[in-house]
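[1] make a model of this:
(2 chains)
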Amino acid sequence: MGERRVWVWTEIASDAPHRLSLELFTPARALGRAEAVVLGLTSEQALEQLGEFGAQLVHYAADPIYAQFLVEPHVATLTSLIESERPDLLLFPSTPTARDVLARLVGQLGRGAIANAVALDYDTSGRLLATVPCGADALATVTLEGPLPHLVQLRPKAYAAEAVGGQTEVCLVDLPVAETSCRVRVIETVEQSAAGPNLEEATVIVAGGRGLGRAENFRLLEELANTLGGAVGASRAVVDAGWVPYRYQVGQTGRTVKPTLYIACGISGAIQHVAGMRGSRYVIAINTDPDAPIFELADLGVVGDALTIVPKLTERIRAR
Amino acid sequence: MKICVCVKHVPDPNLPVQVDLDTRRLVRDPAHCILDPGDEYGVETALRLVEAHGGEVVVVSMGPPAAEDALRRAMAMGADRAILVSDEALAGSDVLATARALAAAIRPEQPDLVLCATESTDAYTGLLPGALAALLDLPQLTFARTVAVEGNIVTVQRATETGYQLVQAALPALVTVTASVGEPRYPSFKGLMAAKRKPLITRGLAVLGVELREVGERGARERVLEVREVRQVKQGRIVVEDGTGSSIEEILAFLRSIQMV
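    The predicted model follows:
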């Protein structure tokens, strides 16, 4: 058996490879020969960067149609490429577009797929082994059966992106896109203000839950976060309640974060939330309920009201 | 217009997830299962569209007989009728097998629109809607913040990581909705009573013409080999704020110890 060919679905954002795609070259290199699939126009620098992160070959379709229509052109091209190139494994990042493409590919090819993997390996017999969180307290080892390639989507930060300084070959994909697969048309793309947290990159996150009482009190968290040079996050309960937008949400269905310090204010620690922040290096939890499960994860737990403690803490840090 | 909404009966997300370490499946005690809160947004969207344009809302689910509960809840919100795909051979179905069973139930309905949540609250892979769209050969419009239908065109504001895209397709189509589409209505007492008498049909695999080897354990491509518990409790320090601000000194000391201040 030759070297495994591992393809990374590579998204391009603002003319640079999406950071979540770059992370996937780390397991791709470890498991075989890493190759990238890039559908849509991008710059030469972006393609070169893929080489730096370990791609030995980029399958590149330089056609603007992939930005004009969603999902189906991508799935059609990917299906053709899979048939002609026969890769062993396809890795997808946890981005909305990658998820759309993977999901349709599952139905189109009649294949299984593993989503939300946090680690990936093969056993000695060549069987794929993926680790998938199963609630907050369990990890499942999952494999896929059936014809290759296997399809796996990885959680953010399952692996760290590593620039290894290589060069990549570019293989131009010149497959015509059928009109019948151009059904979902992009009319307009709107970039909204980047204001708000960049949770994935923050070293400190101050997060709030129901215990804050009301939306206005999030201001207290913002002040503490600003003082510590961090970002503000939220639990699903308060996002569902409309206190803050979805982009603040940390948890199983929100962002996965691994800051150095996570300060949980008025957050009980429901599994949904813990799944997104358990990788934090240090956790401080402030909650009035001494039985809140968040205390099990805390390096320092404070039984008390975040509404009175947080502003005083901010003041003390500022006074230093 | 006819709208099919896919819904799921899931373990109450406010309770801890339990995994049966022997069967390696999620424990789904029907007494602690509810209509997936995410699905309520799909039902709400369908009801609003039908209120504006006329038509019918059909809720569809795959699950054991107890999943009727989720369908009745959706009908209490206002859906007109329900289809439950239920068959013992479906146990152990993965995403692909589930999509096949749902597609077989939805296809004869010939809906103008199929609505799904972005992902289920229990398994949260988010792969089902796209697989279903492929099997039904429908365009898929995903992560919708708003859904509008004019004539035979559906227009969606699709949430992206940095804003949104306005995307459009001709009907029939499949749309997945986010919580931004609008607050789901709470069933009225009248709605709850009416739901008990609304038509619900149960379809087995034979009726749907689904091959046994395509679904359930046999059709599943995904195999769970092992589930292990990783519950970890940090032996952290717990202090109680006594009203004098003593805990603030503790927090400051901790921040200093990790060189954050």
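[2] for stretch B:223-230, list every residue counted as buried.
    The neighbour-count check on stretch B:223-230 (16 or more other CB atoms under 10 Å in any protein chain shown) flags B:223, B:224, B:227 as buried. In this view, the C-beta of every residue, glycine as well, is placed from N, C-alpha and C.
[3] next: stretch B:81-99.
    Applying 16+ other CB under 10 Å to stretch B:81-99 flags B:82-87, B:89-90, B:92-99 as buried.
[4] next: stretch B:180-189.
    Buried residues in stretch B:180-189 (16+ other CB under 10 Å): B:180, B:181, B:184, B:187.
[5] is the helix ranked longest in chain B in proximity to chain A?
    Under DSSP state H, the helix in chain B containing the largest number of residues is helix B:39-53. No - Helix B:39-53 does not reach chain A (CB under 8 Å from any CB of the partner chain); its nearest approach is 10.5 Å.
[6] helix or strand right after that helix?
    strand B:56-62 (DSSP states H and E).
[7] where does pLDDT dip in chain B?
    Within chain B, the segments meeting pLDDT under 70 span B:14, B:16, B:231-232.
[8] helix/strand/coil for the residue most central in space within it?
    For chain B, the residue nearest the mean C-alpha position is residue B:120 (3.6 Å; CA atoms, centre = their mean). Following DSSP: H, G, I helix; E, B strand; the rest coil, the label given to residue B:120 is coil.
[9] pLDDT below threshold where in the stretch 51-200 of chain A?
    For the stretch 51-200 of chain A (pLDDT under 70), the answer is A:135-136, A:193-197.
[10] ranges for the strands of it?
    Assigned by DSSP state E, counting those that start in this stretch, the strands in the stretch 51-200 of chain A fall at A:57-61, A:89-92, A:113-117, A:119-122, A:128-133, A:138-144, A:150-154, A:169-172, A:185-191.
[11] so what strands line up beside the second one?
    For strand A:89-92, the paired strands and their directions (DSSP bridges) are strand A:5-9 (parallel), strand A:150-154 (parallel).
[12] contacting residues around it?
    A:4-9, A:24, A:27-28, A:31-32, A:82, A:98-99, A:101-102, A:120, A:128, A:148-154 (CB atoms under 8 Å, 6 or more residues apart in numbering or on different chains).
[13] quick one: that strand to chain centroid distance?
    Counting by CA atoms, centre = their mean, to the nearest Å, strand A:89-92 is centred 14 Å from the centre of its parent chain.
[14] now swap in the fourth one and tell me
    Its chain's average C-alpha position is 17 Å from that of strand A:119-122, according to CA atoms, centre = their mean.
[15] and among the strands paired with strand A:89-92, the most buried is which?
    Most buried of the strands paired with strand A:89-92, by mean neighbour count (mean count of other CB atoms under 10 Å in any protein chain shown): strand A:5-9, with a mean of 26.
[16] and that one with strand A:57-61, angle?
    40 degrees (axes from the mean of the first three to the mean of the last three CA atoms, to 10 degrees).
[17] what's downstream of strand A:5-9, the next helix or strand?
    strand A:12-13.
[18] report the mean per-residue pLDDT for that following strand.
    What strand A:12-13 shows for mean pLDDT is 84.
[19] strands paired with it, and their directions?
    By DSSP bridges, strand A:12-13 pairs with strand A:16-17 (antiparallel).
[20] quick one: contacts of the strand it pairs with?
    A:10, A:11, A:45, A:46, A:49, A:50, A:53.
[21] sitting in strands, which of the buried residues of stretch B:81-99 do you find?
    B:82, B:83, B:84, B:85 (DSSP state E).
[22] relative to chain A, which of these is nearest.
    residue B:85 (16.5 Å; CB to the nearest CB).
[23] pretty sure the closest one contacts residue B:59?
    No - between residue B:85 and residue B:59 there is no contact under CB atoms under 8 Å: 11.7 Å.
[24] list the buried ones in the strand ranked longest in chain B?
    In chain B, taking DSSP E as the definition, the longest strand is strand B:140-150. Neighbour counts using 16+ other CB under 10 Å place B:140, B:141, B:142, B:143, B:144, B:145, B:146, B:147, B:149 of strand B:140-150 among the buried residues.
[25] near chain A, from those residues?
    Among the buried residues of strand B:140-150, proximity to chain A is found for B:140, B:141, B:142, B:143 (CB under 8 Å from any CB).
[26] correct me, but the first one touches residue A:74?
    Same thing as residue B:140. No - contact criterion CB under 8 Å: residue B:140 and residue A:74 do not qualify, at 11.6 Å.
[27] all helices for the stretch 201-320 of chain A, in order.
    A:218-228, A:236-240, A:271-277, A:306-319 (DSSP state H, counting those that start in this stretch).
[28] the last one vs helix A:218-228, what angle?
    Interaxial angle, helix A:306-319 versus helix A:218-228 (the same axes, to 10 degrees): 30 degrees.
[29] buried ones in helix A:306-319?
    A:306, A:307, A:308, A:309, A:310, A:311, A:313, A:314, A:316, A:317.
[30] which residues sit against it?
    Against helix A:306-319 from outside (CB under 8 Å, 6+ apart): A:206, A:208, A:211-213, A:217, A:220-221, A:223-224, A:227-228, A:265-266, A:286-287, A:302, B:241, B:245, B:247-248, B:251-252, B:255, B:261.
[31] average pLDDT for that helix?
    On average, helix A:306-319 scores 94.
[32] so how far is that helix from its chain's centroid?
    Worked out by CA atoms, centre = their mean, helix A:306-319 lies 32 Å from the chain centre.
[33] restrict the ones in strands among the buried residues of stretch B:81-99 to contacts with chain A.
    Answer for those near chain A: none qualify (CB under 8 Å from any CB).
[34] which member of those is positioned nearest residue B:171?
    Of all these, residue B:171 sits closest to residue B:83, with 20.3 Å by CB to CB.
[35] so who does the closest one touch?
    Counted by CB under 8 Å, 6+ apart, residue B:83 has contacts B:58, B:59, B:60, B:61, B:105, B:109, B:200, B:201, B:202, B:203.
[36] switch to 7 Å and redo it
    B:58, B:60, B:105, B:201, B:203 (CB atoms under 7 Å, 6 or more residues apart in numbering or on different chains).
[37] neighbours of the closest residue to it other than its chain neighbours, how many?
    Using CB to CB, 6 or more residues apart in numbering or on different chains and skipping residues adjacent in sequence, the residue nearest residue B:83 is residue B:60, 4.7 Å away. Residue B:60 has 25 neighbours, counted by other CB atoms under 10 Å in any protein chain shown.
[38] same question, residue A:22
    For residue A:22, using other CB under 10 Å, the count is 26.
[39] residues in contact with the host helix or strand of residue B:71: which ones?
    If you go by DSSP H and E, residue B:71 is part of helix B:68-77. Residues from elsewhere that reach helix B:68-77 (CB under 7 Å, 6+ apart): B:5, B:7-9, B:33, B:35, B:43, B:47, B:59, B:61, B:82, B:84, B:184-185, B:187, B:191-192, B:195, B:198, B:200.
[40] identify those among those residues that sit within strands.
    Checked against DSSP E, the contacts of helix B:68-77 include these in strands: B:5, B:9, B:33, B:35, B:59, B:61, B:82, B:84, B:200.
[41] ok, which pair from these is furthest apart?
    B:5 and B:33 (17.9 Å).
[42] and of the ones in strands among the buried residues of stretch B:81-99, the nearest to residue A:107?
    The closest of these, once distances to residue A:107 are taken by CB to CB, is residue B:85, at 16.5 Å.
[43] wait, isn't that closest one in contact with residue B:101?
    Yes - the pair residue B:85 / residue B:101 is scored as a contact, 5.0 Å apart, by CB atoms under 7 Å.
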